[in-house]
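Q: give me a 3D structure for the following:
(2 chains)
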There are 2 protein chains.
Amino acid sequence: MSENKILSDLEIAQNAAIRPIEEIAGRAGINVDALELYGRFKAKIDPAKLRLPDAKRAGKIVLVSAMSPTPAGEGKSTTTVGLADSLARAGHRVMIALREPSLGPILGMKGGATGGGYSQVLPMDEINLHFTGDFHAITSANNALMALVDNHIFQGNELSIDPRRMTFKRVLDMNDRSLREVIIGLGGPAQGVPRQDGFDITVASEIMAVFCLATDLDDLRERLGRITFGYSYDRRPVTVADLGVQGALTMLLKDAIKPNLVQTIAGTPALVHGGPFANIAHGCNSLIATRTAQQLADIVVTEAGFGADLGAEKYMDIKSRIADVAPSAVVVVATIRALKMQGGVPKELLKEPNVEALAAGVENLKRHVHNVEKFGVTPVVAINKFATDTTEELEWLLAWCAQEGVQAAVADVWGRGGGGDGGDELAAKVAAAVAAAAPSDFRHLYPLSLSVEDKIRTIVQEVYGADGVEFSVPALRRLADIRKNGWSGMPVCMAKTQYSFTDDASQLGAPKGFTVHVRELIPKTGAGFIVALTGAVMTMPGLPKEPAAMRMDVDEHGNPVGLF
Amino acid sequence: MSENKILSDLEIAQNAAIRPIEEIAGRAGINVDALELYGRFKAKIDPAKLRLPDAKRAGKIVLVSAMSPTPAGEGKSTTTVGLADSLARAGHRVMIALREPSLGPILGMKGGATGGGYSQVLPMDEINLHFTGDFHAITSANNALMALVDNHIFQGNELSIDPRRMTFKRVLDMNDRSLREVIIGLGGPAQGVPRQDGFDITVASEIMAVFCLATDLDDLRERLGRITFGYSYDRRPVTVADLGVQGALTMLLKDAIKPNLVQTIAGTPALVHGGPFANIAHGCNSLIATRTAQQLADIVVTEAGFGADLGAEKYMDIKSRIADVAPSAVVVVATIRALKMQGGVPKELLKEPNVEALAAGVENLKRHVHNVEKFGVTPVVAINKFATDTTEELEWLLAWCAQEGVQAAVADVWGRGGGGDGGDELAAKVAAAVAAAAPSDFRHLYPLSLSVEDKIRTIVQEVYGADGVEFSVPALRRLADIRKNGWSGMPVCMAKTQYSFTDDASQLGAPKGFTVHVRELIPKTGAGFIVALTGAVMTMPGLPKEPAAMRMDVDEHGNPVGLF
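A: Just a heads-up that it's a prediction; the model follows:
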């Protein structure tokens, strides 16, 4: 980090020399008629209009994941951006694929999702505010569906939809606690049919998950049609196709589904597209963006939400089954402070040097790293450097990695930027791992033919290190429904705390001898997975007492202030 | 109209030879660095970056209004587009300013708001679907405000906001009947504070009205700050400025506030921007778009919602007080079928020739035309031709106009297009009226110093032809509040049926001897007007039994089908 005044992320981003997006597109090999500009620095790419020298070319994937994080996060997005910049600096043809940020949390807590320091995607303010409108289109499609469903019930309810058994909610891209539990349809017979309901945040919408797993417009329509929004009075699932509005929802999403091209501070092209929750969904950017990046670049650096037990597992077992996007290397981001936290150091002491705590906490990293190997993929540990890290601590961790036989490098991409030399060593190790990878080594953790119970048992035993799984009575009842409805062939999407391998956030390190408790199962038949809830999952956040919005404004030039 | 197969509006639009928007901008005198592209055919204009040869230049305004319409509408948008195309064809430097369509009604009833036939703005499908995201930004700002308000109440309610006296609702750009009356904040102390609430459609949001009346970003922030969202326990109005979030809302609207440039089928530049309700708001496009068009063109053709009793009156008495946008001519669109309906012909017989009914119905047109003269502006009657009109009927109406001393022309802009010769005669008469107009002739109907009661009395007597006005007990109570809070200086925004001069939609023609009943008054302190409700006003529409959405889809090229 610089010795001078530390600039905010927004200040660094605003000082950066951003290039016209046509220039970035040209260098990435995107023909101009496949490009739809959104202002000067953002563009949508129409994959159908790309003229590729070799349509079958598929760049290698580097998946950025992490050890169990602290609540502040360990810098996965920053590492993704910095690593890509460093790979580009080393002469590789690189593209980034990242999630889009959600507006709700931005108005609540200071902090965005576009990387940090000198490893950011630009224009960070525009990406964080409305961007190209994708999330608004998803909000519209989601709420159009529910308006059409409630209208169907109001107009005679031919499908015999049971208003007490709805499984789909309206959404807003907003942190709005008051909408978590509501009653709608009040006011008498002209105003609708009263029922209990609630709103989720847009990133929790199944339409967001569908959007991010669809391979093209036709597949999007198919998946939208398969969404189960509720059950009939005789308990049959009722789908969007039963209602017949998958075409209209597809129409509302036809432009949003095209990936968004932006650039890093160092000028590396980045596709920022889609952003499903990492708990009740799979937590990575759209498949279309990943595939498009693969067609354009030799190496695609992408990211999955939360730690490797959640994000990486879902990337391998959900996303990598739909298309050939299996990673050639997985970067596991670790930080000295997260290792100390996993070693039992309380939050307020994380900045103090403490090698003993590292030794205890490194068991957490060890389990994550060896989990990656179970998929037949080589892990590379990226030690994301913080100003408070001591040389002794960093060297201890590098020595531990060497002894464990794991490739590792310290990366200072926040402070020096991937465009600088902050990520050179990491990039070299990642490039070597990618070059050495054989696609045939990749394997899913479980076959889809396994029962849902056994899929969950495999994940919790193999990845979390649990002895077994216990299903609640409602979950057991739902397992029977899943068999009855023929949904057993879907993969599982675990919703678990990101802070522990167990379902209890306070169990740190690498616990043993525990059982994972599955409270409820939610079939997402459009997305094509069964969500297993192991604890309370918040799908509509609230605002804090002093929301970040209180400090936000625009200056005399119309530029945002107080955004980050 | 063509003898051949009649093409749908969407087919005509898709067959049209659309030009790159940079070309349209160049011809309109817009420097390239003031242009922000949104795809190939849409762009935002940053008024602050325009380099104008003469910054003080202000083109003349032609306001397109109408007689009392049929439920299908009389083609104001089509006439606006066709007239502008015809004026351009005659060599005038012309620009159009129009409202943006709302997504909600599009999913419900077939039909858009971008003109029709050969007088449309393009790309009509994109304008009707998300466009440049302005309405989504307004939805976000509106709902951010309410999330912040309910969070304030939840976090201790320092401002003592009374949850039973909220005057501001959340919005969706959706026809969603079930959200009209809801209860929010259920689920216990962690989920918010329960209260009765409801959702409006986005176009009914006061933020939409504020957006359309703001002169620039600073004025937008000021107006947002003045919005009253509710009352405290001691009945003081509580404003956005009291909460301190006008800066954040301005930030959410900073890009949306820039006008959108598109083109007509004939290539005339059009600014399509903003779209407030024409009943509880003033019903015309943004002031910023109108002013920008005035800076770029010699003649600006713009439109106001509903008939001249509502749209034109509000344009003169609300919008024209904020900036110098008073019209030099008002086009009153009339149709043979609307005149017949006003003459008492039932809907199913409107296509039958009937000159006697015309003679009775023309009293309605007469009152509208002479009302325009009360503002010191010259009316021009545009007879919007339908295929079922007979020559006898059209000639009778032209003769009546001549006898009445009113300029009039038959316009076939739907069938032949303004770019063809369909609007040449209308354009010539409008151009003559504009050339003859003296700005000093323009006058508002009432001074702002009049009491709110007397403002309403003036409007209903002078424009509607009523004997007087009667206030309900709640309205009288609200009048006292308005005086107490110092809001008497605001103009009035009448919410009345568009189908009659009276507050009863069944009273056709030019009724006399009636009283207008004001049921309720709603101060909109941000927009800066007092809404006077004379009947039930629907601020959240519902979907019909067979919503248009059922027929919508995309084709194999990703183009919309079934949209119109």
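
Q: what's around residue A:559, how many residues?
A: A count of nearby residues for residue A:559, using other Cβ atoms under 10 Å in any protein chain shown, gives 14. The C-beta positions use only the backbone N, C-alpha and C, and glycine is treated the same way.

Q: give me the nearest residue to residue A:229, chain neighbours excluded.
A: Spatial nearest neighbour of residue A:229, excluding adjacent residues (Cβ to Cβ, 6 or more residues apart in numbering or on different chains): residue A:168 at 3.7 Å.

Q: I figured the one you found hits residue A:227, correct?
A: Yes - under the criterion of Cβ atoms under 8 Å, residue A:168 makes contact with residue A:227 at 7.1 Å.

Q: which residues are common contacts for these two?
A: By Cβ atoms under 8 Å, 6 or more residues apart in numbering or on different chains, residue A:168 and residue A:227 have these common neighbours: A:145, A:206.

Q: taking the stretch 301-450 of chain A, what residue is nearest to chain B?
A: Closest contact between the stretch 301-450 of chain A and chain B, by Cβ to the nearest Cβ, is at residue A:323 (19.6 Å).

Q: for residue A:329, helix, strand, or coil?
A: Three-state assignment for residue A:329 (DSSP: H, G, I helix; E, B strand; the rest coil): strand.

Q: that one contacts residue A:381, correct?
A: No - if you go by Cβ under 8 Å, residue A:329 and residue A:381 don't touch, sitting 11.3 Å apart.

Q: please, where are all the helices along the stretch 301-450 of chain A?
A: A:313-314, A:320-322, A:336-342, A:355-374, A:391-404, A:424-436 (DSSP state H, counting those that start in this stretch).

Q: in the second one, what counts as buried?
A: Taking 16 or more other Cβ atoms under 10 Å in any protein chain shown as the neighbour-count basis, helix A:320-322 is seen to contain the buried residues A:320, A:321.

Q: report pLDDT for the residue nearest to residue A:534 when sequence neighbours are not counted.
A: What sits nearest to residue A:534 in space, not counting adjacent residues and going by Cβ to Cβ, 6+ apart, is residue A:503, at 4.0 Å. Here the pLDDT value assigned to residue A:503 is 96.

Q: so residue A:503 is in which element?
A: Assessed by DSSP states H and E, residue A:503 sits outside every helix and strand.

Q: and the residue of the stretch 301-450 of chain A closest to chain B, how far from residue A:61?
A: Distance, residue A:323 to residue A:61, by Cβ to Cβ, to the nearest Å: 11 Å.

Q: these two - which one has more neighbours?
A: When neighbours are counted by other Cβ under 10 Å, residue A:61 comes out ahead of the other of residue A:323 and residue A:61, with 25 against 15.

Q: what does the pLDDT read for the nearest residue to that one once chain neighbours are set aside?
A: Nearest non-adjacent residue to residue A:61, counting by Cβ to Cβ, 6+ apart: residue A:327, 4.4 Å away. Looking at residue A:327, its pLDDT is 98.

Q: repeat for residue A:382
A: 98.

Q: please apply the same query to residue A:74.
A: pLDDT, residue A:74: 88.

Q: list the contacts of it.
A: Going by Cβ under 8 Å, 6+ apart, the list of residues near residue A:74 reads A:66, A:67, A:333, A:334, A:335, A:338, A:384.

Q: hang on, it in a strand?
A: No - if the criterion is three-state DSSP, then residue A:74 is coil and not within a strand.

Q: circling back: including distance to residue A:131 and mean pLDDT, could the helices of the stretch 301-450 of chain A go into JSON lines?
A: Below are the helices of the stretch 301-450 of chain A laid out as JSON lines (distance: least, Cβ to Cβ, whole Å; pLDDT from 0 to 100):
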{"stretch": "helix A:313-314", "distance to residue A:131": "24", "mean pLDDT": "98"}
{"stretch": "helix A:320-322", "distance to residue A:131": "24", "mean pLDDT": "97"}
{"stretch": "helix A:336-342", "distance to residue A:131": "29", "mean pLDDT": "96"}
{"stretch": "helix A:355-374", "distance to residue A:131": "31", "mean pLDDT": "96"}
{"stretch": "helix A:391-404", "distance to residue A:131": "36", "mean pLDDT": "97"}
{"stretch": "helix A:424-436", "distance to residue A:131": "28", "mean pLDDT": "97"}
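
Q: residue B:275: which of the ones you listed is closest?
A: helix A:320-322 (39.8 Å; Cβ to Cβ).

Q: distance between that closest one and the chain's centre?
A: Relative to the centre of its chain, helix A:320-322 is centred 16 Å away, using Cα atoms, centre = their mean, to the nearest Å.

Q: so which pair among the contacts of residue A:74 is furthest apart in space?
A: Among the contacts of residue A:74, A:67 and A:384 lie farthest apart (Cβ to Cβ), at 10.4 Å.

Q: centroid-nearest residue for chain A?
A: The centroid of chain A falls nearest to residue A:283 when counting by Cα atoms, centre = their mean (2.7 Å).

Q: ok, now which ones touch it?
A: Here residue A:283 is in contact with A:99, A:276, A:277, A:304, A:305, A:306, A:310, A:311, A:314 (Cβ under 8 Å, 6+ apart).

Q: mind redoing it with 7 Å?
A: Counting by Cβ atoms under 7 Å, 6 or more residues apart in numbering or on different chains, residue A:283 touches A:276, A:277, A:304, A:305, A:306, A:311, A:314.

Q: might you report the residue contacts of the nearest residue to it once chain neighbours are set aside?
A: Spatially, and ignoring its direct neighbours in sequence, residue A:283 is nearest to residue A:305 (3.1 Å; Cβ to Cβ, 6+ apart). Residues counted as contacts of residue A:305 (Cβ under 7 Å, 6+ apart) are A:278, A:283, A:284, A:311.

Q: for the stretch 451-564 of chain A, what lies in contact range of chain B?
A: In this structure, the stretch 451-564 of chain A approaches chain B at residues A:542, A:543, A:545, A:547, A:549, A:550, A:552, A:553, A:554, A:558, A:560, judged by Cβ under 7 Å from any Cβ of the partner chain.

Q: find the nearest non-adjacent residue to residue A:162, please.
A: Of all residues not flanking residue A:162 in the chain, residue A:233 sits nearest, at 4.8 Å (Cβ to Cβ, 6+ apart).

Q: how close does that neighbour get to chain B?
A: According to Cβ to the nearest Cβ, to the nearest Å, residue A:233 and chain B sit 19 Å apart.

Q: try residue A:136
A: From residue A:136 to chain B the distance is 4 Å (Cβ to the nearest Cβ).

Q: that residue: neighbour count?
A: Residue A:136: 23 neighbours (other Cβ under 10 Å).

Q: how about it, secondary structure?
A: Going by three-state DSSP: residue A:136 is helix.

Q: now it, nearest residue through space, not along the chain?
A: In space, residue A:136 is closest to residue B:136, 3.6 Å off (Cβ to Cβ, 6+ apart).

Q: shouldn't the one you found be in contact with residue A:133?
A: Yes - look at residue B:136 against residue A:133 with Cβ atoms under 7 Å: they come within range, at 6.0 Å.

Q: and the nearest residue to residue A:388 once chain neighbours are set aside, how many neighbours does it have?
A: Take residue A:388 and drop its neighbours on the chain: the residue closest to it by Cβ to Cβ, 6+ apart is residue A:351, 4.4 Å away. Residues within reach of residue A:351, counting by other Cβ under 10 Å, total 15.

Q: got the phi and psi for residue A:351?
A: Per-residue torsions, residue A:351: phi -80, psi -10 (degrees, to the nearest 10).

Q: so which residues on the stretch 301-450 of chain A come close to chain B?
A: Counting by Cβ under 7 Å from any Cβ, the stretch 301-450 of chain A has no residue next to chain B.

Q: ugh, wrong one, the stretch 51-200 of chain A
A: Checking the stretch 51-200 of chain A against chain B by Cβ under 7 Å from any Cβ, the hits are A:103, A:107, A:129-130, A:133, A:136-137, A:140, A:143-144, A:147-148, A:150-151, A:154-155, A:172-187, A:191-192.
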